[in-house]
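Colleague: Need a 3D model of the sequence below.
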Amino acid sequence: MWALFSKNATDCKIIQDEESSEKICSSLQDTRKSTTINKTEELSDGVASFLGSPIIDQSLVDLALKIPKCLSVSRVLVLYTGGTIGMKCVNGSYCSVENFFLSTLYKMPTFCDSEFQVHINQFNIEHLHHRLSKTNVSPHTRNTHSKFSKRESSLTESDHIQTYALPIDKTGHRILYTIVEHWPLLDSSDLSMNEWKRIAQDIYAFYNEFDGFVVLHGTDTLAYTASALSFMLENLDKPVVLTGAQLPVFEFRSDGWNNFLGALMIAGGNYAICEVTVLFHDKLFRGSRIVKCSSNNFDAFVSPNYPPIAELGTEITVNYDLIFRKPGLPKPFCIHTNLCQDVAILNIFPLISKEHIISMLSPPIKGVVLRTYGAGNIPSSRQDLLDALKEASDRGILMVNVTQCWRGGVKAVYSTGMVLNEYGVTPGYDMTTEAALIKLAYILSKTENKDYSCKRAMLLNSLRGEVTVEGEDSRAANLSLYNLNCLNQDRNLMIYFAKLFSTASLDDSEGIGSMWVQRIVPTLACCAAASNNLSCLKEMYHIIGHLQLFDTEGCTPLHKSALYGHISATKYLLECGVSVHIADKSGYTPLLCALNSLILSSELVQLLLDVGAVLNSESQLVTKLVHQAVSDGDIQRLRLYQLCGYSFYNMDEEGRSALHVAVTHRQLNSIKFLISPICNEEKPHDKKINVEETELEYGAGVDPKCRTIWGTSALDEAKLRHFDDIVLLLEK
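Modeller: Purely as a prediction, here's the structure:
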């Protein structure tokens, strides 16, 4: 939490209470005197050398879970870029004040659980020396397998950082969140492409360390930023929520309170809304669908052509069938920040001249959003305007037609609208102006798509759910018994439901049997996944439109298919957009289920890794499961954990590493595997591990001299127990 954001951790600005600040300053002074930093390593690794450990340390999560009422914990990164939500009233006007937002949140019980904050502050002090001396730690104690350890963030020494904890909610869930205040804070009207890049880079740099992300932003250009992030963040499979406010969060009357709290709950609430969204006035919108509709009302944003994905009332209601899911197998998360800036917006108005159009379509412009009347109409009698558009199209200028109207979209229902298609203008259907502009910038920056016809084809397709393409069924399927009755009568699924519903008393307020179906369908989907019943899964997907369903234990069908080792069902569920990052109520992700399956499959584990699944090596749950495999001598399972990047130096709650556990249980095979050399230490993720291999030529490369937190080595443990065979092995 201390040395993650700058090369010199002593310059990081951390807010603490007065007593903690004094202790920290004293510790910093002592550490500056005692710590020697290897300058060569610092210059070569830079900021990335500190990214191997999470901002919110796993030890802090484990500490939170020890509180009896706390059943689960999630981690959220908040990027505060500026805007009214965190401003201070100075001389009657709102302005951005450095450090004001973070320091004032500390005094607000809703956003800072004061009882647990004491633990956070104490934890920071106890781990200060460990963080500051990170470059001097033996490489054997580092998690060198982190795929994200070479990602650089945009954070600098000027940025303020602080971690807070929300109070435990009624379900026993706690959200720990780190706020990073980007300095200087900017009014949203001052934000440009560089700030969009900075936000995307920070999300990318710390993607593996957090469960979700919140971006606090001014409202004026929020719609542009939301659309930009929607396209910049490719293959996103974690929630990114943008929000702001019309009044600062600290005002007596403020919309910022609900907006910020709601954004934290969506980002850290295990809702599996894996896209860029905007939360405003208790409604969650798709980021590429919103427009600002008011400069002073609290309901300042609307999504005119797409319903809210979620609504926050007495309960948080998520419409899972509205979440955008890209077809096909998911790919690892990446960012694309080099958007083309040579784009413009051209409004059609009655007095427009040909010269005005020609100037707007002249070099260096490469793409134009054409805002036309009504359903996409332009004066068909103005041949001079049409000729200018045709000439620009022939030069390769990409043009997209959107309506000037607030609702609705472009449809070629009038001859004045159809004529634009003949002159090289692509219909934008119901895209907003903001989304159309960013989409143009994104497509034009894709160097792999140099062909003009390919770029036009991309414009016609929905890339992030930003457009309802003409001819596609835009109606979301409703989860009700009515839809199930559409099944053929000879289908087993219909028979199964008929038996259940024949004895049930139904509440019909939301449609025929909707209440019961919402409870039964997730269980049925999980059973189908567990039994590798693809036909049943496909039928349910056809009816519902998605398979992101949760049973009473918080398991998705993907958890079940992974647990029972079914590759075909797992692949199909991934293609349907089921998230690989969701943890059930016991803390198991689909990857962890696959690693603990009775039917071990390296192909299944590799499939989950290829689509972006990550093993949280620092979790005590994972360490416990690994140590169980060590005590059982299960080498094949240990090789799979190694494939996932697990560090066998991690300590359990008793302060023992895997090697000490192997010695304690006198597991010679486990010991041989752990101390055998790694196949390729320089590129641990590139090596091909034969998990079925019984010979132990290669292993985990653990140093036999590593010690427990009590200072004893594995050799000491073996001698203490008079395990002569192990003593001989370790002494070699």
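
Colleague: What residues does the most centrally placed residue in the chain make contact with?
Modeller: In the chain, the C-alpha nearest the mean C-alpha coordinate belongs to residue 238, at 2.3 Å (C-alpha atoms, centre = their mean). By C-beta atoms under 8 Å, 6 or more residues apart in numbering, the residues touching residue 238 are 207, 210, 211, 212, 213, 274, 333, 581. In short, each C-beta sits where N, CA and C put it, glycine included.

Colleague: which of those lies closest to residue 548?
Modeller: Distance to residue 548, by C-beta to C-beta, is smallest for residue 274 among the contacts of residue 238, at 8.9 Å.

Colleague: Where does pLDDT dip in this structure?
Modeller: For the chain, the stretches with pLDDT under 70 are 1-54, 124-151, 412-417, 470-518, 680-697.

Colleague: List the contacts of the residue lying closest to residue 386 once chain neighbours are set aside.
Modeller: Leaving aside its chain neighbours, residue 386 sits nearest to residue 423 (5.4 Å; criterion: C-beta to C-beta, 6 or more residues apart in numbering). Applying C-beta under 8 Å, 6+ apart, we find residue 423 in contact with 386, 389, 390, 393.

Colleague: Tally up the residues packed near the second one, please.
Modeller: Applying other C-beta atoms under 10 Å, we find 24 other residues in the vicinity of residue 389.

Colleague: Contact partners for it?
Modeller: With C-beta under 8 Å, 6+ apart, residue 389 has these contacts: 357, 361, 370, 399, 420, 423, 424, 425.

Colleague: And the third one, by the same measure?
Modeller: Contacts of residue 390 were listed using C-beta under 8 Å, 6+ apart, and they are 423, 424.

Colleague: Next, it: secondary structure please.
Modeller: helix (DSSP: H, G, I helix; E, B strand; the rest coil).

Colleague: Going by residue numbers, what spans are helices in the stretch 501-650 of the chain?
Modeller: With helices called from DSSP state H, counting those that start in this stretch, the stretch 501-650 of the chain shows them at 514-530, 534-544, 557-563, 567-575, 590-595, 602-610, 620-632, 635-643.

Colleague: quick one, the longest one and helix 534-544 angle?
Modeller: Read it as helix 514-530. 150 degrees (axes from the mean of the first three to the mean of the last three C-alpha atoms, to 10 degrees).

Colleague: Using CSV, list the CA coordinates for helix 514-530.
Modeller: Presented in CSV, the C-alpha positions along helix 514-530 are these (Å, rounded to 0.1, in the frame of the first residue of the first chain):
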residue,chain,number,x,y,z
SER,A,514,-41.5,-15.2,-12.9
MET,A,515,-40.8,-15.4,-9.1
TRP,A,516,-40.3,-19.2,-9.1
VAL,A,517,-38.4,-19.3,-12.3
GLN,A,518,-35.9,-16.7,-11.0
ARG,A,519,-35.2,-19.1,-8.1
ILE,A,520,-35.2,-22.4,-10.0
VAL,A,521,-33.4,-21.5,-13.3
PRO,A,522,-29.9,-20.8,-11.7
THR,A,523,-30.0,-24.2,-9.9
LEU,A,524,-31.1,-25.9,-13.1
ALA,A,525,-28.3,-24.2,-15.1
CYS,A,526,-25.7,-25.2,-12.5
CYS,A,527,-27.0,-28.8,-12.7
ALA,A,528,-26.8,-28.8,-16.4
ALA,A,529,-23.2,-27.5,-16.3
ALA,A,530,-22.2,-30.0,-13.7
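
Colleague: Show me what it is packed up against.
Modeller: helix 481-484, helix 492-502, helix 534-544, helix 557-563, helix 567-575 (3 or more C-beta pairs under 8 Å, 6 or more residues apart in numbering; DSSP states H and E).

Colleague: for the second one, same thing?
Modeller: If contacts are counted by 3+ C-beta pairs under 8 Å, 6+ apart, helix 534-544 sits against helix 481-484, helix 492-502, helix 514-530, helix 567-575.

Colleague: The last one: which residues count as buried?
Modeller: Applying a neighbour-count criterion of 16 or more other C-beta atoms under 10 Å, the buried positions in helix 567-575 are 569, 570, 571, 572, 573, 574, 575.

Colleague: wouldn't the fifth one be in contact with residue 559 here?
Modeller: Yep, that's residue 573 we're talking about. No: using C-beta atoms under 8 Å as the test, residue 573 is too far from residue 559 to be in contact (9.7 Å).

Colleague: which ones are touching the residue lying closest to residue 651 once chain neighbours are set aside?
Modeller: Distances taken as C-beta to C-beta, 6+ apart put residue 657 closest to residue 651, at 5.8 Å, once the chain neighbours are dropped. Residues counted as contacts of residue 657 (C-beta under 8 Å, 6+ apart) are 648, 649, 650, 651, 702, 706, 708.

Colleague: give me that answer again for 10 Å
Modeller: 140-141, 623, 626-627, 630, 647-651, 674, 702-703, 706-709, 714 (C-beta atoms under 10 Å, 6 or more residues apart in numbering).

Colleague: about what we covered before: out of the contacts of residue 389, give me the one that has the most neighbours.
Modeller: Counting by other C-beta under 10 Å, top hit in the contacts of residue 389: residue 425 with 27 neighbours.

Colleague: Where do the helices of the stretch 101-250 of the chain begin and end?
Modeller: Under DSSP H, counting those that start in this stretch, the stretch 101-250 of the chain gives helices at 114-126, 128-132, 193-205, 222-232.

Colleague: what's the angle between the last one and helix 193-205?
Modeller: Going back to what we said before, that points to helix 222-232. 50 degrees.

Colleague: Work out the gap between helix 222-232 and the centre of the chain.
Modeller: 15 Å (C-alpha atoms, centre = their mean, to the nearest Å).

Colleague: Keeping just the C-alphas, turn that helix into PDB.
Modeller: Extracted as PDB, the C-alpha positions of helix 222-232 are listed here (Å, rounded to 0.1, in the frame of the first residue of the first chain):
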ATOM      1  CA  LEU A 222     -18.600  12.500 -18.600                       C
ATOM      2  CA  ALA A 223     -20.500  11.000 -21.600                       C
ATOM      3  CA  TYR A 224     -17.400  11.400 -23.800                       C
ATOM      4  CA  THR A 225     -15.100   9.800 -21.200                       C
ATOM      5  CA  ALA A 226     -17.500   6.900 -20.600                       C
ATOM      6  CA  SER A 227     -17.600   6.200 -24.300                       C
ATOM      7  CA  ALA A 228     -13.800   6.600 -24.700                       C
ATOM      8  CA  LEU A 229     -13.200   4.100 -21.900                       C
ATOM      9  CA  SER A 230     -15.700   1.700 -23.400                       C
ATOM     10  CA  PHE A 231     -13.600   1.400 -26.500                       C
ATOM     11  CA  MET A 232     -10.200   1.800 -24.900                       C
END
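
Colleague: Could you pull up the residues touching the nearest residue to residue 632 once chain neighbours are set aside?
Modeller: In this structure, residue 632 finds its nearest non-sequential neighbour in residue 667, 7.7 Å apart by C-beta to C-beta, 6+ apart. By C-beta under 10 Å, 6+ apart, the contact set of residue 667 is 629, 630, 631, 632, 633, 634, 635, 661, 673, 674, 726.

Colleague: do residue 625 as well
Modeller: Contacts of residue 625 by C-beta under 10 Å, 6+ apart are 588, 592, 595, 596, 619, 637, 641, 646.

Colleague: Greatest separation within these: which pair is it?
Modeller: 619 and 637 (16.5 Å).

Colleague: Which positions within stretch 716-725 qualify as buried?
Modeller: 716, 717, 718, 719, 723.

Colleague: ok, now stretch 550-562?
Modeller: 550, 551, 554, 555, 556, 557, 558, 559, 560, 561, 562.

Colleague: Just name the closest of those residues to residue 111, please.
Modeller: Scanning the buried residues of stretch 550-562 for proximity to residue 111, where the rule is C-beta to C-beta, the winner is residue 554, at 25.7 Å.

Colleague: hang on, that closest one packs against residue 271?
Modeller: No: counting by C-beta atoms under 10 Å, residue 554 does not reach residue 271; the two are 11.5 Å apart.

Colleague: shared neighbours of those two, which are they?
Modeller: Joint contacts of residue 554 and residue 271 (C-beta under 10 Å, 6+ apart) are residue 582.
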